[in-house]
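> Here is a sequence together with a model predicted from it:
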Amino acid sequence: MVKKQFILIMTDSQRRDMISRCNERGENMHTPCLDRLCDQGLAFQSAYTTQPVCGPARAGLFTGTYPHTNGMLGNCMALSQQSLTIGQRLSKAGIHAAYIGKWHLDGGDYFGDGICPDGWDENYWYDMRNYLDELESDEDRARSRTLDTALEGEGIGEEFTYGYRCTKRALDFMEKYKDEDYFLVVSYDEPHHPFLSPKSFYEPFYQPYLQKPNQQMNFSKLPEHIQVWHEKFLEIQGGKGDGFAVGLLGSNSFIDSQIGRVLEAAEKNAEEALVLYTSDHGDSQGSHGIHAKGPAMYEEITNIPLIARWKNKIEAGITTQMPVSHIDIVPTILDFYGLPQPKSLEGESLLNSLTDKEITGQKEGRPVFVEFNRYEVDHDGWGGFQPVRCVVKGKWKLTINLMTQDELYNLEEDYNEMHNLIDDPNCESIRNQLHDLLLDWQNETRDPLRGYYWEKRPWRKDRQKVSWDCGGYSRSRHREDGEVGEYGYSTGLPIVEYNRKY
């Protein structure tokens, strides 16, 4: 009988063009293992995170609901108690689920609390607090948090890194359970800061990489909050030079080697497994004059790698421009194991698309949505409260920056997003269509930040008259099996309509 094994590998802060095969400019990112994965499977060119910040992105990926639904509006916020993770769903169905690596969903600090959450194999749980706690001294903990450790003197061996230790546990798991069904997540912190890797991985990057025209554009034409962010970037750049770029790309190449070890072990012990690789979000690296990630919807931050390999099921070496989202991962996993799709999920299974030989010609598909709420509650970096909502459909991207100016880009003609068409009369029809899609999505998914101000944009002349009721609908949350049902406020009776008037 064919085993049901699914291996999900992910990194942190890796944009799509940080893989050589996915780099349109031909820059060598020194990623031979991920390049080989592209050659063996299907690579999505238009895959998007649900929110370009670590915690919310992971919340979307592992619950199948948007951050505004699952309650993780920013980093260091815990998931809603009503939001089940894929580990909980699978373990309830009797499927062995293990999670090795960065979690960032427990509501604690960056490193986590070291406690295995419900649904996962506690024998393999290994978040970043576990890593810090096993280091031999306070000095080693401090060394693990600075790039200087890797660049000075002889640097470090790979055994010192979090990535290596995650890989070691993953290899052990695949060997031990090679004859059983399972779901395995290998979640690396790399190439996220502090970018630790052996010295040799940095050497190829002591020259400019990821160079795009939008790093030198007229920043004064960008939304106000992006201009303010740019001022902060200039301050950081002046103090640290190109060290961050060298560190990021060196660590990117290093973690590719660790992923290669996992892929090799999968070929040996899980030959029939569906392997899916992605990252939580990207990193701007100076594009549009900003650093890292946050309240922006530019491709460098939101367009993430998504590559699938499935022996004898997925055609090798193909790419597709069909837009997809992290919101689709949980439905895909459930579909893989033949499990039902709960009504609470907000994405769609990609399983049939993965094996569809016509997928290379698909350029549009359904719209994909991305949001931003806040970077983190505990500090006010990245502009504090900066609500943003975005829709991508085909070649068009509309971004509503609620506090500042909105943006519309034609990604086919202007992939670097340098020409904002929001006020272009020739684009009025498509702009308004996208805006309507965005408003409908906010209503359908019960976006807690929805309100008439999303509707009344200065360029939307036909929607200047708005009502206090903001659509006038009540929308109940879909209840999971076993949960207590909801009674209507006006009737005291069980709710029978999800969407209803008042």
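Received the coordinates, thanks.

> Can you give me the buried ones in stretch 271-279?
In terms of neighbour count (16 or more other Cβ atoms under 10 Å), stretch 271-279 has its buried residues at Ala273, Leu274, Val275, Leu276, Tyr277, Thr278, Ser279. Placement of C-beta: from N, CA and C, glycine included.

> okay, those in CSV with distance to Lys293 and secondary structure next?
Shown next, in CSV, are those (distance: Cβ to Cβ, whole Å; DSSP: H, G, I helix; E, B strand; the rest coil):
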residue, distance to Lys293, secondary structure
Ala273, 30, coil
Leu274, 28, strand
Val275, 26, strand
Leu276, 22, strand
Tyr277, 19, strand
Thr278, 15, strand
Ser279, 11, strand
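
> Low-confidence ranges, the stretch 301-450 of the chain, go.
The model of the stretch 301-450 of the chain has pLDDT under 70 over residues 360-363.

> The stretch 51-200 of the chain: helices as residue ranges?
Using DSSP state H, counting those that start in this stretch, the helices found in the stretch 51-200 of the chain span residues 54-63, 67-70, 86-92, 128-134, 138-143, 148-151, 162-176.

> Settle this for me: Ala273 is touching Leu8, isn't it.
No: the criterion here is Cβ atoms under 8 Å, and Ala273 misses it with Leu8 at 10.3 Å.

> intersection of neighbour lists for the two?
Common contact partners of Ala273 and Leu8 (Cβ atoms under 8 Å, 6 or more residues apart in numbering): none.

> Tell me how many other residues crowd the nearest residue to Gln215 once chain neighbours are set aside.
Counting by Cβ to Cβ, 6 or more residues apart in numbering, Gly286 is the residue found nearest to Gln215 once chain neighbours are left out, at 4.6 Å. By the criterion of other Cβ atoms under 10 Å, Gly286 has 22 neighbours.

> was I right about Gly286 contacting Gln216?
No: look at Gly286 against Gln216 with Cβ under 8 Å: they stay out of range, at 9.1 Å.

> sorry, back to before: any idea which of the helices of the stretch 51-200 of the chain is most buried?
Most buried of those, by mean neighbour count (mean count of other Cβ atoms under 10 Å): helix 54-63, with a mean of 28.

> what does it contact?
Here helix 54-63 makes contact (Cβ under 8 Å, 6+ apart) with 10, 12, 49-51, 65-67, 70-77, 79, 83-87, 103-105, 192, 278, 280-281, 325-327, 329-330, 373.

> Pull the contacting residues for the residue nearest to Gln215.
Taking Cβ under 8 Å, 6+ apart, one finds Leu210, Gln215, Phe233, Gln237, Ala245 in contact with Gly286.

> again, only this time at 10 Å
208, 210-212, 214-216, 230, 233, 237, 242, 244-245, 300 (Cβ atoms under 10 Å, 6 or more residues apart in numbering).

> before we move on, what about Thr399?
Thr399 neighbours (Cβ under 10 Å, 6+ apart): 223, 295-298, 302, 370, 372, 388-392, 405-409, 417, 420, 422, 434, 438.

> partners of it in the sheet?
Using DSSP bridges, the bridge partners assigned to Thr399 are Cys390, Glu407.

> From Glu407, how far out is it?
4 Å (Cβ to Cβ, to the nearest Å).

> Just give me the neighbour total for the nearest residue to Met174 once chain neighbours are set aside.
Among residues not flanking Met174 along the chain, Asn269 sits closest, at 4.5 Å (Cβ to Cβ, 6+ apart). If you count neighbours by other Cβ under 10 Å, Asn269 ends up with 17.

> what's the answer for Gly260, then?
Neighbours around Gly260, by other Cβ under 10 Å: 17.

> if you skip the residues just before and after it, what's nearest to Gly472?
Nearest one to Gly472, counting by Cβ to Cβ, 6+ apart, is Lys501 at 6.2 Å.

> now the one you found, which residues is it bridged with?
Applying DSSP bridges to Lys501 yields these beta-bridge partners: Tyr473.

> Share the number of residues neighbouring it, please.
The number of residues packed near Lys501 is 9, by other Cβ under 10 Å.

> rewinding a little: if any of the contacts of Gly286 are buried, give me the ChimeraX selection for them.
Buried subset of the contacts of Gly286, written as a ChimeraX selection, criterion 16+ other Cβ under 10 Å:
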select :210,212,214,215,230,233,237,244,245,300
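
> Let's have the contacts of Gly286 in CSV, adding secondary structure.
As requested, the contacts of Gly286 are arranged in CSV below (DSSP: H, G, I helix; E, B strand; the rest coil):
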residue, secondary structure
Pro208, coil
Leu210, coil
Gln211, coil
Lys212, coil
Asn214, helix
Gln215, helix
Gln216, coil
His230, helix
Phe233, helix
Gln237, helix
Asp242, coil
Phe244, helix
Ala245, helix
Glu300, helix
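
> Among the contacts of Gly286, which one lies nearest to Ile95?
Nearest to Ile95 out of these is Glu300 (Cβ to Cβ; 36.0 Å).

> Quick check, the closest one in contact with Gln211.
No: using Cβ atoms under 10 Å as the test, Glu300 is too far from Gln211 to be in contact (11.9 Å).
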